[in-house]
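Peer 1: Model the structure of this input:
(2 chains, ligands or ions: 1)
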Amino acid sequence: MKKDIYAKMQILSDSAKYDVSCSSSGSDSNYKTGELGATHNSGICHTFSADGRCISLLKVLLTNYCIYDCAYCVNRSSNDIPRAAFSPRELANITINFYKRNYIEGLFLSSGIIESENHTMELILRVLKILRFEHKFNGYIHVKLIPGSDEALIAEVVRLASRVSSNIELPSDNSLKLLAPNKTKEKVLQPLKIARDLSLERDNKAIGMSTQLIVGATPESDFDILKLSSVLYDKALLKRVYYSAYIPVNDDKNLPAILTKPPLVREHRLYQADWLLRFYGFSYDEILTSQAPNLDEELDPKTMWALSNLHLFPIEINRASKEELIRIPGIGVRGAHKILKARRFKKLGFDDLKALKISIKRAQYFITCEREFQREIALYPENIRAALIKPEPKKQPSLFDVSGITGEL
Amino acid sequence: MILRYDGTFEGFLTLVYEVYHQKYKPQLIEKPSLHPKLFDEAIEIEYDGSKSQKVLEAMRQKWSKQDIQRVMHIFLCDTKAFELDLLNYIKLGFKNAKELQNINNSSVFFINNLEKELFRHYHRYSGFLRFEELEDGTLYAKIESKFSLVYLLGRHFSKRFNNQNYIIHDIDRSLAFVKIGDSMDVRQVSEFEEPLRSASEEKFQHLWQTFFDSIAIESRANEKLQKSLVPLVYRKYMSEFE
Ligand code: SF4
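Peer 2: So this is what the prediction gives:
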């Protein structure tokens, strides 16, 4: 039976939803006179879904038919689920019409493997060409490259897309072998390497790429995961790693049982730690070691780091450098900027910080303001830890916690 | 002492002029009110083009472009009582333009924050604003917001809808940003009749709702968080929340 367009939309967005990356930010503005669409360099959320995620892109699969059978994936061929496929023209048309109504910043296109890797990549390329050439659309298009497709096809896609990515999914080769036998780390990294080299050749600027790692499906530690991310960032292979708490969708002897709760707190902590890598000048081995390989569920990674480095504290607010200020728990980049700006005019005390609306709930244990400092809690890790954890009942973090968006840690 | 001005940027500059020349020390500065009071003690400041021009000129000489623009932005926050702080801010800036960066001063802090609030608001609406396609292809959006945003939003969309005609209609203020062909301006809306939507409008709204509903992950449902991210006041014209 031919499915109507609404059913297709339902099926193909439903299958795409476990893919977490929503970001459309970080592209320079690029509009052209007489054309449609521009990307914006600070991400715009067009709405928020019922689970509290920012929706900025039309995130769909071109099709959820797949010839492969990866154990962790809803679309695996052995699953008995409704299947559908958009035609490239149909999808391009929906994208344009959504864009004109300001529902979205652009398209996030991924796909199951239909017929073959190359065939799938060609269909995706069709969508890109219709959007870019027929509709003269300059908005954001993110494409998930298909590992194993031809270099020439990948090159064409890279040329037309705003951003590309390829999901590594599992943090080690062993886990891949076990759960996605048609993939290897080599194979999932192949499109990323091609894309990086191409974009470097072209304009010396690596195209923004991202990947997704599934957390909690396999035994890797947070240390393993952060180390992998950090290596990928250093190689300029990736701009962003997304962490996705594994939600059991299939029964499989090699995977957590279907009723297992997704490890949301762990995912949240990984995002915070990743933030420290990208924006706060931390290295992965400052945050974790192979002896203590996992993040603390009760404390954010920066506080955890501070407590094991108490010899660096307290830090004097009126003299510390920006790099030192942002390492203080509870003070983010924005807070540091306010402090730097305000202290040009006067010596800052605790009350001044409050007046600047900088929360010192966590920071107070780690700072001095000239002669002022908090005196109730002795400067020992156990004491501070107890003081920090007690007053705040643990709350359920969300996928993109507000703090994650603003970058305050 | 209470001063009253006409609520406009130029009117306020006139007021600044008078404060300096008449040595007024207001405790309150009012915008015109619709309900005249029985015991009205306010001193009425009449707009005067040459006086406001002089104040503007003085600002131009002493301040950075950004500082002046900030004052204009504050006037888009027309539902806030910012006048006394703004007056302090301007006086401070005339004494020493450098002091306008001193966020330890409560008026500077207030004005800075109000501008940030305006930008936050604008940023949100740049995502939450919804256009509908009219019969002739024009894109039409309605907005009801606590700050006056059509000018900022209109310019924002001129980049992305470069080859489209569009209208952003501020219902409460009866203002509209109109872009047709190459011309763009903000107009007063005197009369208004609900325009007809294009034949495919309903289809795309329905598709959007379908997408919106199916993209959510049930096991992570979090209505409270969603409400804090898209507060109810923004939802009026967002069809996915109907
Ligand atoms: S190849 Fe991709 S879509 Fe197909 S089963 Fe594996 S993960 Fe799922």
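Peer 1: Local confidence estimate at residue 181?
Peer 2: Let's take chain A. A:P181 carries a pLDDT value of 81.
Peer 1: You answered for a different chain; I wanted chain B.
Peer 2: On the pLDDT scale, B:G181 is placed at 91.
Peer 1: Tell me if I'm right that it and B:N165 touch.
Peer 2: Yes: using Cβ atoms under 8 Å, B:G181 is in contact with B:N165, at 7.0 Å. Where you see a C-beta, it was placed from the backbone N, CA and C, and this is true even at glycine.
Peer 1: ok, and the closest non-adjacent residue to the residue most central in space within chain B?
Peer 2: Computing the C-alpha centroid of chain B and ranking residues by Cα atoms, centre = their mean puts B:S148 first, at 2.4 Å. Leaving aside its sequence neighbours, B:S148 sits nearest to B:L76 (Cβ to Cβ, 6 or more residues apart in numbering or on different chains; 4.6 Å).
Peer 1: Determine the number of other residues adjacent to residue 120.
Peer 2: Let's take chain A. For A:T120, the count of nearby residues is 23 (other Cβ atoms under 10 Å in any protein chain shown).
Peer 1: my bad, chain B
Peer 2: By other Cβ under 10 Å, 11 other residues sit near B:R120.
Peer 1: before we move on, back to that, more neighbours: which of B:G181 and B:N165?
Peer 2: B:N165 (16 against 6).
Peer 1: mind listing what the more buried one touches?
Peer 2: Counting by Cβ atoms under 8 Å, 6 or more residues apart in numbering or on different chains, B:N165 makes contact with B:G137, B:T138, B:L139, B:K179, B:I180, B:G181.
Peer 1: repeat for A:F366
Peer 2: A:A306, A:F313, A:P314, A:I315, A:I328, A:P329, A:G330.
Peer 1: and what of A:I55?
Peer 2: A:C22, A:C45, A:H46, A:T47, A:F48, A:S49, A:I104, B:F212, B:I215.
Peer 1: make it 6 Å
Peer 2: By Cβ atoms under 6 Å, 6 or more residues apart in numbering or on different chains, the contact list for A:I55 reads A:H46, A:T47, A:S49.
Peer 1: Then A:T95?
Peer 2: A:L58, A:L107.
Peer 1: That one: which element?
Peer 2: Per DSSP states H and E: A:T95 is located in helix A:88-100.
Peer 1: B:K142 looks like it's in a strand, true?
Peer 2: Yes: the assignment for B:K142 by DSSP: H, G, I helix; E, B strand; the rest coil puts it in a strand.
Peer 1: What is the neighbour count of it?
Peer 2: 17.
Peer 1: Could you check how far it is from B:V230?
Peer 2: Distance from B:K142 to B:V230, counting by Cβ to Cβ, to the nearest Å: 17 Å.
Peer 1: gap between stretch B:202-219 and the chain center?
Peer 2: Remark: stretch B:202-219 is offset 31 Å from the chain centroid, using Cα atoms, centre = their mean, to the nearest Å.
Peer 1: Could you see whether chain A lies near that stretch?
Peer 2: Yes: contact of stretch B:202-219 with chain A (Cβ under 6 Å from any Cβ of the partner chain) involves B:F204, B:L207, B:W208, B:T210, B:F211, B:S214, B:I215, B:A216, B:I217.
Peer 1: how about the second one, phi and psi?
Peer 2: With angles defined as degrees, to the nearest 10, B:L207 shows backbone torsions of phi -60, psi -40.
Peer 1: ok, now the third one?
Peer 2: The phi and psi values for B:W208, taken as degrees, to the nearest 10, are phi -60, psi -40.
Peer 1: residue contacts, B:K31?
Peer 2: B:G7.
Peer 1: Then B:N102?
Peer 2: Neighbours of B:N102 in contact, by Cβ under 6 Å, 6+ apart: A:F345, B:V108.
Peer 1: what's the spacing between it and B:L153?
Peer 2: Counting by Cβ to Cβ, the gap from B:N102 to B:L153 is 32 Å.
Peer 1: So B:I29: helix, strand or coil?
Peer 2: B:I29 falls in the strand class when you classify it by three-state DSSP.
Peer 1: count of residues packed around it?
Peer 2: There are 23 residues near B:I29, going by other Cβ under 10 Å.
Peer 1: Would you confirm that it contacts B:I2?
Peer 2: No: with contact defined as Cβ atoms under 6 Å, B:I29 does not reach B:I2; the gap is 7.5 Å.
Peer 1: Just the pLDDT for A:N30.
Peer 2: 62.
Peer 1: should've said B:K37
Peer 2: So, for B:K37, pLDDT stands at 69.
Peer 1: next one: B:A216
Peer 2: So, for B:A216, pLDDT stands at 87.
Peer 1: per-residue pLDDT, A:L189?
Peer 2: For A:L189, the model assigns a pLDDT of 85.
Peer 1: That one and chain B: what is the separation?
Peer 2: Per Cβ to the nearest Cβ, to the nearest Å, A:L189 is found 28 Å from chain B.
Peer 1: Other residues contacting the helix or strand that residue falls within?
Peer 2: Assessed by DSSP H and E, A:L189 sits inside helix A:185-203. Helix A:185-203 is contacted from outside by A:145, A:147-148, A:151, A:154-155, A:158, A:164, A:166, A:168, A:173, A:206-207, A:209, A:237, using Cβ under 6 Å, 6+ apart.
Peer 1: what about 8 Å?
Peer 2: Here helix A:185-203 makes contact (Cβ under 8 Å, 6+ apart) with A:145-149, A:151, A:154-155, A:158-159, A:164-169, A:172-173, A:176, A:205-207, A:209, A:211, A:236-238.
Peer 1: With stretch A:216-228 instead?
Peer 2: So stretch A:216-228 is contacted by A:72, A:168, A:170-172, A:175, A:178-179, A:213, A:215, A:243, A:245-246, A:255-256, A:262-263, A:266-267, A:269-270, A:273-274, A:277, A:284-285, A:287-290, A:293-295 (Cβ under 8 Å, 6+ apart).
Peer 1: Okay, A:Q10 and B:F211: tell me how far apart.
Peer 2: 8 Å.
Peer 1: Same question for A:R362.
Peer 2: Distance, A:R362 to B:F211, by Cβ to Cβ: 39 Å.
Peer 1: A:K183 too?
Peer 2: A:K183 is 29 Å from B:F211, by Cβ to Cβ.
Peer 1: higher neighbour count, the two?
Peer 2: B:F211 (26 against 20).
Peer 1: Show me the strands in chain B, by range?
Peer 2: B:2-4, B:28-30, B:43-44, B:131-133, B:139-143, B:166-170, B:175-180, B:183-188 (DSSP state E).
Peer 1: chain center to the last one, what's the gap?
Peer 2: When C-alpha coordinates are averaged (Cα atoms, centre = their mean), strand B:183-188 and its chain have centres 15 Å apart.
Peer 1: how many neighbours does the residue in chain B that the ligand sits nearest to have?
Peer 2: Here chain B gets closest to the ligand at one residue, B:I217, 16.8 Å apart by Cβ to the nearest ligand atom. A total of 19 residues lie near B:I217 under the criterion other Cβ under 10 Å.
Peer 1: my guess is it meets A:G52, correct?
Peer 2: No: counting by Cβ under 8 Å, B:I217 does not reach A:G52; the two are 9.9 Å apart.
Peer 1: on that earlier part again, tell me which residues touch the residue nearest to the centre of chain B, please.
Peer 2: B:S148 neighbours (Cβ under 8 Å, 6+ apart): B:L76, B:C77, B:D78, B:D170, B:R173, B:L175.
Peer 1: which two from the residues of stretch B:202-219 next to chain A end up farthest apart in space?
Peer 2: Maximum pairwise distance among the residues of stretch B:202-219 next to chain A (Cβ to Cβ): 24.1 Å, between B:F204 and B:I217.
Peer 1: how many neighbours does the residue lying closest to B:E242 once chain neighbours are set aside have?
Peer 2: Distances taken as Cβ to Cβ, 6+ apart place B:Q209 nearest to B:E242, at 7.7 Å, with adjacent residues excluded. The number of residues packed near B:Q209 is 16, by other Cβ under 10 Å.
Peer 1: Who are the contact partners of B:Q209?
Peer 2: Applying Cβ under 8 Å, 6+ apart, we find B:Q209 in contact with B:S239, B:E240, B:E242.
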